[in-house]
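> Could you work out the structure for the sequence below:
(chains A and B)
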Amino acid sequence: AQRVTQPEKLLSVFKGAPVELKCNYSYSGSPELFWYVQYSRQRLQLLLRHISRESIKGFTADLNKGETSFHLKKPFAQEEDSAMYYCALIRAGSQGNLIFGKGTKLSVKP
Amino acid sequence: GAVVSQHPSWVICKSGTSVKIECRSLDFQATTMFWYRQFPKQSLMLMATSNEGSKATYEQGVEKDKFLINHASLTLSTLTVTSAHPEDSSFYICSARGGGGATHEQYFGPGTRLTVT
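From the prediction side, this is the model:
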């Protein structure tokens, strides 16, 4: 079964501290993975995708096929990073149907 | 960037009535639109996928006769919750994807909060 697991419901860090949001997946083959972010009272928006291998707002995520993980990292958290983060993958053979993890709420304290 | 709107943003209806939610892509043509449901403090669950001009594909466990989806144009999809009941109260979110290219990027609407009394 294709599945995304985000083990942490809530992650609280202080400003300037490193942050790592965990995401593990279950998928046969090569998955297409994403991180979405939802700031307070805003819509869900794409943060980054593993294909692009990009850094957005200081966040990076590396696909580790051996560990079936796609953890989101940032070396120095900022208060404005506080949001809900969702890891997602494209369901195989679909039209781009996303399977979401349950999300992790990141709280960055001053 | 691509913008997706939803209307209404919030609706309250009485049990047994039907409610229609609109999802529009404002500045691009959406060949595929998706409808999600999100319960409080939970993740998004895909309900159905719709392509312009064809019938929607529903996820397992989603009643197609209860959640009617119409994707009549490349910029508009509607979700009608028929004979709504309190258990249908939820946050409904649509997303849209344009045609062409290998990208699967979806652009999300702001969501519609449905409360059935």
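
> do whichever strand in chain A runs longest and chain B meet at all?
Scanning chain A for the strand with the most residues, using DSSP state E, yields strand A:83-90. Yes - Strand A:83-90 comes into contact with chain B (CB under 8 Å from any CB of the partner chain), by way of A:86, A:90. For the C-beta atoms, the positions are set from N, CA and C on the backbone; glycine is no exception.

> Just list what that strand packs against, helices and strands only.
strand A:3-5, strand A:33-38, strand A:98-100, strand A:104-109 (3 or more CB pairs under 8 Å, 6 or more residues apart in numbering or on different chains; DSSP states H and E).

> got a list of contacts for the last one?
Think strand A:104-109. Outside strand A:104-109, the residues that touch it by CB atoms under 8 Å, 6 or more residues apart in numbering or on different chains are A:6, A:8-15, A:19, A:21-22, A:77-85.

> thinking again about what came up before, in CSV: the helices and strands packed on strand A:83-90, plus mean pLDDT.
Supplementary listing: the helices and strands packed on strand A:83-90 in CSV, determined by pLDDT from 0 to 100:
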stretch, mean pLDDT
strand A:3-5, 95
strand A:33-38, 94
strand A:98-100, 92
strand A:104-109, 97
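
> Just the buried ones from the contacts of strand A:104-109?
A:6, A:8, A:11, A:13, A:19, A:21-22, A:77, A:81-85 (16 or more other CB atoms under 10 Å in any protein chain shown).

> if we can go back for a sec, out of the contacts of strand A:104-109, which sit inside strands?
Judged by DSSP E, the contacts of strand A:104-109 include A:10, A:11, A:12, A:13, A:14, A:19, A:21, A:83, A:84, A:85 as members of strands.

> Which two of those have the greatest separation?
Maximum pairwise distance among the ones in strands among the contacts of strand A:104-109 (CB to CB): 19.1 Å, between A:14 and A:84.

> Give the residue spans of chain A that score low on pLDDT.
Of all residues in chain A, none has pLDDT under 70.

> tell me the contacts of the residue in it positioned nearest to chain B?
Nearest residue of chain A to chain B, counting by CB to the nearest CB: residue A:96, 3.8 Å away. By CB under 8 Å, 6+ apart, the contact set of residue A:96 is A:90, B:32, B:34, B:97, B:104, B:106.

> Show me what from chain A comes close to chain B.
Counting by CB under 8 Å from any CB, the residues of chain A close to chain B are A:32, A:42-46, A:49, A:86, A:90, A:94-103.

> circling back: can you put the helices and strands packed on strand A:83-90 in CSV and add mean neighbour count?
Output for the helices and strands packed on strand A:83-90, formatted as CSV (neighbours: other CB atoms under 10 Å in any protein chain shown):
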stretch, mean neighbour count
strand A:3-5, 16
strand A:33-38, 23
strand A:98-100, 22
strand A:104-109, 17
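
> Just put the ones you listed in a markdown table and tack on distance to residue B:48.
Formatted as a markdown table, the helices and strands packed on strand A:83-90 follow (distance: least, CB to CB, whole Å):
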| stretch | distance to residue B:48 |
| --- | --- |
| strand A:3-5 | 20 |
| strand A:33-38 | 19 |
| strand A:98-100 | 13 |
| strand A:104-109 | 26 |
